[in-house]
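Sharing a model that was predicted from the sequence below.
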Amino acid sequence: MLRARTGNFARPRPGVPPVRSVERAIRILRAFAPGATQLTLSELSRRTGLDKGTTRRLLLTLSQMDFVEYDAAALSYSLGPGVLTLVPAVDYGRDLRDIAAPVLARLTEVTGATSFLWSYFRGHALCLDRVKARDLHIDAPWSAIGTRISLNCGSGPRVILAYISEEERSKVLRGHLPKHTPVTQTDPSELQAAADRIRERGWEHAVDDYVVGLAGLGVPILDRSGTFVASISITTLTPHLALKKGKPRHLDAMLWAAAEIGSSIRS
């Protein structure tokens, strides 16, 4: 059974309070992001909502466990190698990733684009795998394994928005919908209409809505029973994914890749 299928996890039982120190430590770790890999004490305090004294004590403990490193010259903190030691033990999405990995590699070779595997996780698209194109060198914030992206932008995430349940979609559309570029769609009604179109045609072509100058093509992965599992997408320079007779380039390759992955999934 693939654990990447729904992204739904059991919440703590009502009446069982979380351990505050653990919760605060995790808030510190989550404050770091691709665009914020080095943060000062003040920045961490502001991002977590914790006072500086509490933040400093937690950082000291995390650094002793190698989960945080301190740069004395820059007076800043960053995530440490201790975080990487946990990655091999992460079981979430492992089966799906193992099935999809060789398919994504071939897809990147055929299309010359960077390919991605996405799963739905707590209102976001979670990147489970990525194969970066060798000849595509762009100074852009490429998503890596573990990156979470809002479902209102990007071809793979928007496919997920289209295929999750109506209940989950309503929750997403009521939440925060960030605007990454001038053309990022943030209107809930427009996103609902787009989700209907994506489900009807079975693919999404997103242009300049996450990074200006880049376009993406996403399709769903369905298992043998037709149940939605995840999505795959490719991203490259916008002209390389131009529409021809109403369909984007490489659509057939994408559909074949998704079908190959889906047929290998055990229900």
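All right, it came through fine.

CA atoms for contacts and neighbours, from now on please.
OK.

tell me the contacts of the nearest residue to residue 243 once chain neighbours are set aside?
Sequence neighbours aside, residue 249 is the residue nearest to residue 243 in space, at 6.3 Å (criterion: C-alpha to C-alpha, 6 or more residues apart in numbering). For residue 249, the contact set (C-alpha atoms under 8 Å, 6 or more residues apart in numbering) comprises 240, 241, 242, 243.

Now the third one: closest residue in space, sequence neighbours ignored.
Taking C-alpha to C-alpha, 6+ apart as the measure, residue 242 lies nearest to residue 248, with 5.7 Å between them; neighbours along the chain are not counted.

Let me see the contact set for that neighbour.
205, 217, 241, 242.

Quick one: buried ones out of the residues you listed?
With burial judged by 16 or more other C-alpha atoms under 10 Å, the buried subset of these is 205, 217, 241, 242.

Excluding chain neighbours, give the residue nearest to the first one in space.
Nearest residue to residue 205, sequence neighbours excluded (C-alpha to C-alpha, 6+ apart): residue 217, at 4.7 Å.

hang on, that neighbour is in a helix, isn't it?
No: using DSSP: H, G, I helix; E, B strand; the rest coil, the assignment for residue 217 is strand, not a helix.

and it, what is it in contact with?
The contact partners of residue 217, taken as C-alpha under 8 Å, 6+ apart, are 155, 156, 203, 204, 205, 206, 233, 234, 235, 241, 248, 251.

now, which of those sits nearest residue 187?
For these, the minimum distance to residue 187 (C-alpha to C-alpha) is 15.7 Å, reached by residue 206.

Against which helices or strands is the helix or strand hosting the closest one packed?
Following DSSP states H and E, one finds residue 206 within strand 204-207. Judged by 3 or more C-alpha pairs under 8 Å, 6 or more residues apart in numbering; DSSP states H and E, strand 204-207 is in contact with helix 155-163, strand 214-222.

Name the nearest of the contacts of residue 217 relative to residue 194.
Lowest distance from residue 194 to these (C-alpha to C-alpha) belongs to residue 204, with 9.0 Å.

what's around that closest one, how many residues?
Using other C-alpha atoms under 10 Å, residue 204 has 27 neighbouring residues.

Let me know whether it touches residue 194 as I believe.
No: using C-alpha atoms under 8 Å, residue 204 is not in contact with residue 194; the gap is 9.0 Å.

residues contacting residue 81?
Shown in contact with residue 81 (C-alpha under 8 Å, 6+ apart): 66, 67, 68.

and what of residue 118?
Taking C-alpha under 8 Å, 6+ apart as the criterion, residue 118 is in contact with 125, 126, 127, 128, 129, 156, 157, 230, 231, 232, 233.

again, 7 Å this time
125, 126, 127, 128, 156, 230, 231, 232 (C-alpha atoms under 7 Å, 6 or more residues apart in numbering).

Tabulate these (JSON lines), appending distance to residue 16.
Output for the contacts of residue 118, formatted as JSON lines (distance: C-alpha to C-alpha, whole Å):
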{"residue": "125", "distance to residue 16": "29"}
{"residue": "126", "distance to residue 16": "28"}
{"residue": "127", "distance to residue 16": "31"}
{"residue": "128", "distance to residue 16": "31"}
{"residue": "156", "distance to residue 16": "36"}
{"residue": "230", "distance to residue 16": "32"}
{"residue": "231", "distance to residue 16": "35"}
{"residue": "232", "distance to residue 16": "38"}
